[in-house]
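Visitor: quick one, what's the 3D model for this:
(2 chains, ligands or ions: 1)
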Amino acid sequence: MNRITAFWKKGKKALVPFVTAGFPRKSRTPEIVLALADSGAHMVELGIPFSDPLADGPTIQASSQVALENGVGLGDIFGMTEKIRTKSGIPLLLMGYYNPLLAYGLEKFGKDASNAGADGLVVPDLPPEEGEELSKVCRKHRLSLIYLIAPTTPPERVAKIDAASTDFCYCVSVTGVTGLRKNLSGDLKDFLLSVRMRTKKPFVVGFGISTPEQVRHVAPYSDGLVVGSALVKMFLQEKNGKAALRKACLLISRMTRRLNGTG
Amino acid sequence: MKFAWAAKNYRWPDRRGRFGPYGGRFVPETLMAALFELEKEYLKAKKDSKFQFEWKRALADYAGRPSPLFFAERASKELGCRLYLKREDLNHTGAHKINNVLGQVLLALQMGKPRIIAETGAGQHGLATATVCAKYGLECVVYMGEADVLRQSANVYKMKLLGAAVVPVGSGSKTLKDAVNETLRDWVTNVRTTFYVVGSVVGPHPYPMMVRDFQSVIGQEAKGQFLKFQKKLPDYLAACVGGGSNAIGLFYPFLKTKVKMVGVEAAGLGLSSNHHSATLTKGHPGVLHGSKSYLLQDSNGQVKPPHSISAGLDYPGVGPEHSFLKDSGRVEYVTATDKEALEGFQFLSQTEGIIPALEPAHALGYLLEAKRRFTGSSVILCLSGRGDKDMGIVQKHLNL
Ligand SMILES: Cc1ncc(COP(=O)(O)O)c(C=O)c1O
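Guide: Numbering: from 1, shown residues only, chains lettered A, B, ... in the order given. Next comes the predicted model:
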């Protein structure tokens, strides 16, 4: 049983921060992940930077570009994962576009990711129809392969995606790319209720979640929330890295309290 | 990858949108339902005589088809072959792009989508899209890399004049690849109301199939025109390959024949320079913009910024069907440098009084460079566009 499967067995909701690997600097990624874990995060999504992130808005595009300028490759990311593993058992999801995985070699990727201590994988440009090969590799190396559900996904397809996904699904909260949104769509609750009716596995909600208040609103209709651009933005805006990390940790601990209904 | 060529069974793509191992639908989940719907609507339109009639009528009365097949007599003499030019430069808006745009916009109308988005490199696809949207009264947004906005400024002005919004894209290499990224992001956001008119045989299924079918009017006409006067088929076909739509448009109706085919990619400053767009010649299979195909990428799978003197060929990917045709050996892919393209550009201008676009000038440059292999043969070359848009760039390189 990998750490993700074990987490869902506890029946808790998950707060999942997203961190672009290698941003703002290569050496800081393990420290950032560990600090977020200490602040109450239940799982961490580690973003593999790509030159053409077509599902991402300007914030994550900018962090990916910095990470690539810092020379981050999959080898470095597995190194970061190992470093995190020496100190923490927090479930780690890798999130990355398909081409860097293909270039690395899917089998080698599965083996190295698993050996480094990663638990799962989200690939935003890989729908289940194209995921057969990667799914085989993930099964072999006990990595969870998490597929996405969008507001435009037809109802009958939701069940299919749920069946193809390992352990849980990732619900995209908006018809759009990643990035901050002041207001989540009014239809979000209906969308999540309809997903709930057609899925057997837990699902988390991501894209656009940026405030504890939003967490409070969405938490009752999901099993967890992903927070990405809101954190990345702190590191883009705040030149002092330590101060940015303090802010990020504060946001995560506030959100965790809201998620569990104690804040 | 290599596999045997089986002309009789050429029925690609398959139901998953694959050409052998290439193609597919590698897109965010948000777009999947739209792609399935588009495929369904397109297959319906393909069999719908009313749709086909509307499209053919627009091609004839609006775009000016059929385009002539012109025997280039003086150029032939210098080259030592018999060169026939398929005159896509004479279409309305000056390139082959309008064949496909008319098809896709009619489909958008049928599907009730009021908003059209498109990417453009040289501006020819953007111009064709802005034009056709003006004709049918549709909202039009064109994404264009900042570098291309600068080097193809005349087309930018024309698109605005036609009522389109032109959005400069400042990310990445600021060229066609980045314009495609931004158009896809728009589509992910507005997919319910918006039709993405893709400009070449790239992108997720069904685009490579649909754009090929619309552009095949080039090859169908050329085949009929050549047969009528020569009572046989030509020895060679030649075309430039950016995404590959004019090339596949010419080649496709000939695939099951014995005619030899040559696709010419942009070698930029040279194949060993790292400043080129020779995707099939120097790239490796990968996934970009929704399909699996050859791709210019580094060892980490990051896409390499391409280079070409011609904005329309300045793209690190290529249509998946070309990857399949390369691996199967059916089509030969070669290259021409910026310099060779400029030679082809001047050559056609001065032998025939036809100023070509810099894109097909690459195919002409290759014919000049490799003229011995074509000695005594008949060649149909797709003259995919005219050169007006390129005057600014060419003036920088050629001191007359
Ligand atoms: C005149 C002309 N030819 C060729 C191309 C390249 O596209 P494709 O390879 O899809 O024909 C372009 C693209 O802008 C063009 O404007």
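Visitor: other SSEs contacting the longest strand seen in chain A?
Guide: Identified as the longest strand of chain A according to DSSP state E is strand A:14-20. Applying 3 or more CB pairs under 8 Å, 6 or more residues apart in numbering or on different chains; DSSP states H and E, we find strand A:14-20 packed against helix A:29-38, strand A:44-48, helix A:58-69, strand A:203-206, strand A:224-227, helix A:229-237, helix A:241-259. Backbone N, C-alpha and C define where each C-beta goes, glycine included.
Visitor: the residue in the stretch 51-200 of chain A that the ligand sits nearest to: neighbour count?
Guide: For the stretch 51-200 of chain A and the ligand, the shortest gap (CB to the nearest ligand atom) falls at A:Asp52, measuring 18.9 Å. A:Asp52: 24 surrounding residues under other CB atoms under 10 Å in any protein chain shown.
Visitor: just the one 3 residues further on next, same as before
Guide: Taking other CB under 10 Å as the neighbour definition, A:Ala55 ends up with a count of 24.
Visitor: can you give me the strands for the stretch 201-350 of chain B?
Guide: For the stretch 201-350 of chain B, the strands defined by DSSP state E, counting those that start in this stretch cover B:236-240, B:260-268, B:284-288, B:290-295, B:332-337.
Visitor: what about those strands, which gets the closest to the ligand?
Guide: Closest among the strands of the stretch 201-350 of chain B, using CB to the nearest ligand atom: strand B:236-240, at 5.4 Å.
Visitor: how far out from the middle of the chain is that closest one?
Guide: Between the centre of strand B:236-240 and the centre of its chain there are 13 Å (CA atoms, centre = their mean, to the nearest Å).
Visitor: partner strands of it, with direction?
Guide: strand B:260-268 (parallel), strand B:378-383 (parallel) (DSSP bridges).
Visitor: which residues outside that strand are in contact with it?
Guide: Contacts of strand B:236-240 with the rest of the structure, by CB atoms under 8 Å, 6 or more residues apart in numbering or on different chains, involve B:219, B:246-247, B:250-251, B:254, B:259-266, B:313, B:359-363, B:366-367, B:374, B:377-382, B:384.
Visitor: so where's the chain uncertain?
Guide: If you meant another chain, say so; for now it's chain A. Along chain A, the model assigns pLDDT under 70 to residues A:262-263.
Visitor: nope, chain B please
Guide: Ranges of chain B meeting pLDDT under 70: B:1-3.
Visitor: kindly report the residues of it close to the ligand.
Guide: B:95, B:121-122, B:124-125, B:200, B:240-247, B:312-313, B:357, B:359-360, B:384-385 (CB under 6 Å from any ligand atom).
Visitor: where does the stretch 1-150 of chain A come near chain B, residue by residue?
Guide: A:50-55, A:57, A:61, A:65, A:68, A:73-74, A:97-104, A:124-127, A:129-130, A:147-150 (CB under 8 Å from any CB of the partner chain).
Visitor: which residue is the nearest non-sequential neighbour of the closest residue to chain A within the stretch 301-400 of chain B?
Guide: Among all residues of the stretch 301-400 of chain B, B:Gly301 sits closest to chain A, at 2.8 Å; criterion: CB to the nearest CB. The spatial neighbour of B:Gly301 that comes closest, neighbours along the chain excluded (CB to CB, 6 or more residues apart in numbering or on different chains), is A:Ala103 at 2.8 Å.
Visitor: neighbours around the one you found, how many?
Guide: 21.
Visitor: now B:Lys231
Guide: Around B:Lys231 there are 7 residues (other CB under 10 Å).
Visitor: list the buried residues of stretch B:373-385.
Guide: Neighbour counts over stretch B:373-385 (16 or more other CB atoms under 10 Å in any protein chain shown) mark B:374, B:378-385 as buried.
Visitor: OK, contacts around the residue of the stretch 51-200 of chain A closest to the ligand?
Guide: A:Asp52 touches A:97, B:172, B:177-178, B:181, B:288-289, B:303, counting by CB under 8 Å, 6+ apart.
Visitor: of those residues, which is the nearest to B:Gln104?
Guide: B:His289 (16.5 Å; CB to CB).
Visitor: before we move on, the earlier item: go through the strands paired with strand B:236-240 and name the closest to A:Ile161.
Guide: Among those, strand B:260-268 sits nearest to A:Ile161 (CB to CB), with 38.2 Å.
Visitor: sorry, back to before: which residues touch the residue of the stretch 301-400 of chain B closest to chain A?
Guide: Counting by CB under 8 Å, 6+ apart, B:Gly301 has contacts A:50, A:99-104, B:286.
Visitor: which of those sit farthest apart?
Guide: Top of the distance list for the contacts of B:Gly301 (CB to CB): A:Phe50 and A:Tyr104, 12.3 Å.
Visitor: out of the two, which sits in the busier spot?
Guide: A:Phe50 (26 against 22).
Visitor: what is the burial count for residue 20?
Guide: In the absence of a named chain, this looks at chain A. Neighbour tally, A:Thr20, other CB under 10 Å: 29.
Visitor: to clarify, I was referring to chain B.
Guide: 18.
Visitor: quick check: it touching B:Leu325?
Guide: No. Judged on CB atoms under 8 Å, B:Gly20 makes no contact with B:Leu325 at a distance of 9.6 Å.
Visitor: tell me which parts of the stretch 201-350 of chain B are close to chain A?
Guide: Going by CB under 8 Å from any CB, the residues of the stretch 201-350 of chain B near chain A are B:284-290, B:295, B:297, B:299-303.
Visitor: could you single out the nearest of the residues you listed to chain A?
Guide: B:Gly301 (2.8 Å).
Visitor: for the nearest residue to B:Pro68 once chain neighbours are set aside, what are its contacts?
Guide: Distances taken as CB to CB, 6+ apart put B:Arg87 closest to B:Pro68, at 4.7 Å, once the chain neighbours are dropped. Remark: with contacts taken as CB under 8 Å, 6+ apart, B:Arg87 is in contact with B:67-70, B:383.
Visitor: so which residue is dead centre in the chain?
Guide: Chain wasn't specified; assuming chain A. Nearest to the mean C-alpha position of chain A, counting by CA atoms, centre = their mean, stands A:Glu45 at 3.6 Å.
Visitor: hm, I was asking about chain B
Guide: B:Ser245 (3.1 Å).
Visitor: got a list of what it touches?
Guide: B:96-97, B:100, B:199-201, B:211-212, B:215, B:319.
Visitor: many thanks, have a good one.
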